[in-house]
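> Need coordinates for the following:
(one chain, ligands or ions: 1)
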Amino acid sequence: MNSAAAGLASVLELEHVDAAYGSFRALFDVSLEVEAGSAVALVGANGAGKSSVARVASGLVVPTAGRVLVAGQDLTGAPAHRFARAGIAHAPEGRAVFATLTVEDNLLLAFRNAPEITDARASVAEAFDLFPRLGERRGQLAGTLSGGEQRMLTLARVLVLRPRLLVADELSLGLAPLVTAEVYQTLRRVRDAGCALLIVEQHLDHALELADEVVVIRKGEVGFRGAPQDAAALSQSILLPSGHPAATDTDTEPAGSPAAEPPPPEVN
Ligand code: ATP
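Numbering: from 1, shown residues only. Purely as a prediction, here's the structure:
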C-alpha cells in the first residue's frame, strides 16, 4: 500500500525509475518512498547506484523512465531548482563551504537563491542551536574550521532553508568516528524536528540505527526494502560488490562447481 492509501503524507516517491549516464544504465526500475518526517537509509556496495538514486531524488539526474513525485507533485524531468523550491535539499559529498568567508556569512549566503525566506537571521540562529560549535565559531573563517566542522557547516547551509526532505550523500565520509556520531545525533534532531531524511551511507550501524526504513541498492536495483532490523538480519553479502567471493550465490557460482549452462548476459 502506498502512503497516500495509508493516509500518510509522502514527501518523495520514486516510481519505477531507470537512469543512465550516456549509454551506461545505472538504475533499473527503482521504486521507493519517503514519508514526511521519516528517515530512509540507502545502503549498498560501492558503485551500486546509491548516489544515483540520491541525485534523481534531488532532480540532479533526470530519469530515463519512471516518475519522481515531490509532495504528490510530478517533477519528473523538472530542473533541480524546482526540486529545491519544492523543499528538497541535497547535501553533497564532501565540504561545500566558502573558505574565505566567516561561518555566519556562509550561512547567510545560502539564502541568495531563496528570496521567499524573509527571516534568514532567525533561521541562522536556529542553525546555531542545532550546531552549537558553529555558533561558537560564527566569526571564524570557514577555511580554518576542522574537517568535521566544515562538514557540519555544509549541512547547516542546506538546513537553514528549512527543507522538507534532506538528501544527504555520505555525510560521514572521511570523518573520525566521534565526529560521525555527532553528525548522526544532529541528523536525529533534524528528523525529530520534522524534516524527512534520505541518507546514503556506508556506515551501516549509524544508518540502521537512525532509519525508519532501509533500501538496499544492488547493481542498480532495489535489492531489499524494509525495516532496519530485517535489513540487519540480511546477509552482509548483499552489501558486497557483485563478483565478490562472499556475495550471494545468485551472483557467483561456488568455486569449482560446474555451470550447467552459461549464465545469461549481464544487462548493465
Ligand atoms: P559509491 O558508494 O562508490 O559512491 P554508489 O552506490 O553511490 O557508489 P553511484 O555513484 O550511483 O554508486 O554509481 C553507480 C554507477 O554509475 C557506477 O558504476 C558509476 O561508475 C556510474 N556513474 C556514476 N556517476 C557517473 C557519471 N557521472 N558518469 C558515468 N557513470 C557514472
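
> ok, now which ones touch the most centrally placed residue in the chain?
Nearest to the mean C-alpha position of the chain, by Cα atoms, centre = their mean, lies Ile199 at 3.1 Å. Residues near Ile199 by Cβ atoms under 8 Å, 6 or more residues apart in numbering: Ala39, Val40, Ala41, Leu42, Leu166, Val167, Ala168, Leu171, Leu187, Ala207, Leu210, Ala211. Any C-beta I mention is one placed from the backbone N, CA and C, and that applies to glycine too.

> again, 6 Å this time
Taking Cβ atoms under 6 Å, 6 or more residues apart in numbering as the contact definition, Ile199 lies against Ala41, Ala168.

> And it, what's its pLDDT?
For Ile199, the model assigns a pLDDT of 94.

> Relative to the whole chain's centre, how far out is the top helix by length along the chain?
Counting by DSSP state H, the longest helix found in the chain is helix 177-192. Mean-position distance between helix 177-192 and its chain equals 14 Å (Cα atoms, centre = their mean, to the nearest Å).

> one step back: next, the residue nearest to the centre of the chain: secondary structure please.
strand (DSSP: H, G, I helix; E, B strand; the rest coil).

> got the buried residues for the strand or helix carrying Ala84?
Here Ala84 sits within helix 80-85, counting by DSSP states H and E. Buried residues in helix 80-85, counted by 16 or more other Cβ atoms under 10 Å: Ala80, Phe83, Ala84, Arg85.

> possible to save those residues as CSV with pLDDT?
Below are the buried residues of helix 80-85 laid out as CSV (pLDDT from 0 to 100):
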residue, pLDDT
Ala80, 93
Phe83, 95
Ala84, 91
Arg85, 90
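
> Closest one to Ala156 out of those residues, please.
Of all the buried residues of helix 80-85, Ala156 sits closest to Ala84, with 16.3 Å by Cβ to Cβ.

> so how far does stretch 115-133 reach from one end to the other?
Terminal residues of stretch 115-133 are spaced 27 Å apart (Cα to Cα, to the nearest Å).

> Can you name the residues of this protein sitting close to the ligand?
Residues of the chain lying close to the ligand by Cβ under 6 Å from any ligand atom are Tyr21, Phe24, Ala26, Gly44, Asn46, Gly47, Ala48, Gly49, Lys50, Ser51, Ser52.

> quick one, helices of the stretch 51-200 of the chain?
Remark: helices assigned in the stretch 51-200 of the chain by DSSP state H, counting those that start in this stretch are 80-85, 103-109, 120-130, 132-136, 147-159, 177-192.

> Those into a markdown table, with extra columns for distance to Pro63?
Shown next, in a markdown table, are the helices of the stretch 51-200 of the chain (distance: least, Cβ to Cβ, whole Å):
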| stretch | distance to Pro63 |
| --- | --- |
| helix 80-85 | 13 |
| helix 103-109 | 31 |
| helix 120-130 | 32 |
| helix 132-136 | 36 |
| helix 147-159 | 23 |
| helix 177-192 | 26 |
